[in-house]
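[1] dropping the sequence and predicted coords here.
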Amino acid sequence: MYGRLGADPRWIKRWVVPEGHGPAPGGGGPVMTEGTGVVGATLGEPPAGRRLDRRSLVAAYYTSFVALGLFAGALGPTLPGLAEQTRVHLSEASLLLSAHGFGYAAGSLIAGRLYDRVAGHKIMAGALLIMCAAIATLPALPWLWVLIAAVLIVAVAGGFLDVGANTLLIWTYGAKVAPAMNGLHLFFGVGSLISPLIVAQVILFRGDSRLTYWVLAPLMLPAAGWLLRLPSPSVPPADDTITGRVNWLLVGLLALFNFFSVGAESSFGNWLYTYSTTLGMVSKAGGAYLTSTFWAAFTLSRLFGVVAAMRWTPAQMLLGCVPGALVGVLGIVLLPGSSAALWVGVIIFGLGLGPLFPAVFSLAGRATRVTGQVTSAIFVGGSLGMMSVPWLIGQFFEAAGPQSAMITITLCLAFALGLLAIVLNKARDATRATDAASA
């Protein structure tokens, strides 16, 4: 049985069954068959020829996360240009960041139940196609409310895609998901790293950052085509023991932790360009390169996280990363006029923040059963942080000054660090209880 992802990895093995086939008659495991199909869970070693199928699934998820990161990395550097396009103040344009977070929350909330019932790859491919169409419209929309609606559509589809890749990856790897999970979010960082570089080149050659979206839109299509050619992993069965239950208290705490950590990540990535250019510390192209530096550090730390996850527990990763990110942003706050402090702080913040999100999901996989609804709940917490914290910064950015952005991000990480002690205590209790029940 699958039960708790962190129970006994020896019980979580893989075979391939045709998509749409359920348990064998009489309530046994999935029917063994030849050919390609969805990943099921049973005892014993997988046939040697099947490992390539699993690698193909994972490669498709990684490609989809590059596409997801491309849009996430572009919204912040293009925000001033979008404000000019719609002829509004920056505080009003910050509603686009809120729309992005709200759409992510809505998409994540809806997606959880859907992935528990429908073949996941069709949902993910549809989300990518919707993102492609909506992103292509952004440079041509002259009214803020229409632009907000388009960003909302992109974000809802992004929420579907994000929940799907995380959930299906856990269903594919089970208790050994941590390195693959870090790899998934590494490729989100790759997309977010590339995107500001594209913005910088568009500014240099065309002088208009908004045209970036016409470059990004078609880049959603390769992952959609790949996913449509692959069968979808199946939802793992639950049983009537404690190992098959969801620890909703822990899930709620992880969602709250994500609210603060993702709120800090999203705010930093989206406001760094405007913060640095408003203070005159960098040029417009330099602001894009500074943002790309953040995502480069972020991506590098996730690459390190893939290796570290083989040696360190998710709890150890979280305990090392949250204080590190806090140190980075504190340096920027305490030395506001220092260009060196800005660049070093950006790098340290990115290095500390990168492994947080995958570590949260790996921790959940060790302490509770993970379903589509569980993934949705954790995502909703992060999406609400993505929606509210960047918007809050936008309301004070012009009135109180750019430094208010970094102070708000510092407070978010301080709250996250305080909450982490509670999260890890509850996760330890849940793991002990499920280990006792599995014994």
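    Perfect, I can see it now. This one's a predicted model, so the numbers in the text were calculated from it and none came from an experiment.

[2] flag the shaky bits of the stretch 51-200 of the chain, pLDDT-wise.
    Within the stretch 51-200 of the chain, the stretches with pLDDT under 70 are 51-52, 174-175.

[3] in it, what residue spans correspond to helices?
    51-86, 90-93, 95-115, 120-137, 144-173, 178-206 (DSSP state H, counting those that start in this stretch).

[4] likewise the stretch 201-350 of the chain?
    212-216, 221-228, 248-278, 284-308, 314-334, 339-353.

[5] out of the ones you listed, which one sits most buried?
    Each of those was scored by mean neighbour count; the highest is helix 248-278, a mean of 24, by mean count of other Cβ atoms under 10 Å. All C-beta atoms are positioned from the backbone trio N, CA, C, and that covers glycine.

[6] tell me the angle of that helix relative to helix 51-86?
    50 degrees (axes from the mean of the first three to the mean of the last three Cα atoms, to 10 degrees).

[7] let's have the helices of the stretch 51-200 of the chain in CSV, adding distance to residue 219 and mean neighbour count.
    Conversion of the helices of the stretch 51-200 of the chain to CSV gives the following (distance: least, Cβ to Cβ, whole Å; neighbours: other Cβ atoms under 10 Å):
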stretch, distance to residue 219, mean neighbour count
helix 51-86, 6, 22
helix 90-93, 24, 17
helix 95-115, 18, 23
helix 120-137, 8, 22
helix 144-173, 13, 24
helix 178-206, 9, 23
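
[8] got these as JSON lines, with distance to residue 377 columns?
    Output for the helices of the stretch 51-200 of the chain, formatted as JSON lines (distance: least, Cβ to Cβ, whole Å):
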{"stretch": "helix 51-86", "distance to residue 377": "20"}
{"stretch": "helix 90-93", "distance to residue 377": "30"}
{"stretch": "helix 95-115", "distance to residue 377": "7"}
{"stretch": "helix 120-137", "distance to residue 377": "18"}
{"stretch": "helix 144-173", "distance to residue 377": "10"}
{"stretch": "helix 178-206", "distance to residue 377": "17"}
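
[9] now for these, which one comes closest to residue 374?
    Ranking those by proximity to residue 374 (Cβ to Cβ) places helix 95-115 first, at 7.4 Å.

[10] now do that closest one against helix 248-278, angle only.
    Going by the same axes, to 10 degrees, helix 95-115 makes 150 degrees with helix 248-278.

[11] what helices and strands are in contact with helix 95-115?
    Counting contacts by 3 or more Cβ pairs under 8 Å, 6 or more residues apart in numbering; DSSP states H and E, helix 95-115 is packed against helix 51-86, helix 120-137, helix 144-173, helix 248-278, helix 372-400.

[12] what pLDDT does residue 338 get?
    According to the prediction, residue 338 has pLDDT 89.

[13] how many other residues sit next to it?
    14 (other Cβ atoms under 10 Å).

[14] what of residue 207?
    Neighbour count of residue 207, defined by other Cβ under 10 Å: 9.

[15] where does it fall, phi/psi-wise?
    In terms of degrees, to the nearest 10, the main-chain angles of residue 207 are phi 70, psi 10.

[16] oh, and call the first residue 600 from now on, that's how I've got it
    Got it, the first residue is 600 from now on, which makes the last one we talked about residue 806.

[17] how far away is it from residue 997?
    24 Å (Cβ to Cβ, to the nearest Å).

[18] swap in residue 798?
    Residue 798 is 22 Å from residue 997, by Cβ to Cβ.

[19] and for residue 1012?
    Residue 1012 is 24 Å from residue 997, by Cβ to Cβ.

[20] verify the stated contact: residue 857 with residue 985.
    No. Between residue 857 and residue 985 there is no contact under Cβ atoms under 8 Å: 9.3 Å.

[21] can I get the helices and strands packed on helix 694-714 in JSON lines with distance to residue 947?
    As requested, the helices and strands packed on helix 694-714 are arranged in JSON lines below (distance: least, Cβ to Cβ, whole Å):
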{"stretch": "helix 650-685", "distance to residue 947": "19"}
{"stretch": "helix 719-736", "distance to residue 947": "32"}
{"stretch": "helix 743-772", "distance to residue 947": "26"}
{"stretch": "helix 847-877", "distance to residue 947": "12"}
{"stretch": "helix 971-999", "distance to residue 947": "20"}
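
[22] and these: which comes nearest residue 696?
    Using Cβ to Cβ, the nearest of the helices and strands packed on helix 694-714 to residue 696 is helix 971-999, at 3.8 Å.

[23] elements contacting that closest one?
    So helix 971-999, by 3+ Cβ pairs under 8 Å, 6+ apart, packs with helix 689-692, helix 694-714, helix 743-772, helix 847-877, helix 955-966, helix 1002-1037.

[24] in a markdown table: those, plus distance to residue 802.
    Output for the helices and strands packed on helix 971-999, formatted as a markdown table (distance: least, Cβ to Cβ, whole Å):
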| stretch | distance to residue 802 |
| --- | --- |
| helix 689-692 | 18 |
| helix 694-714 | 19 |
| helix 743-772 | 19 |
| helix 847-877 | 11 |
| helix 955-966 | 29 |
| helix 1002-1037 | 22 |
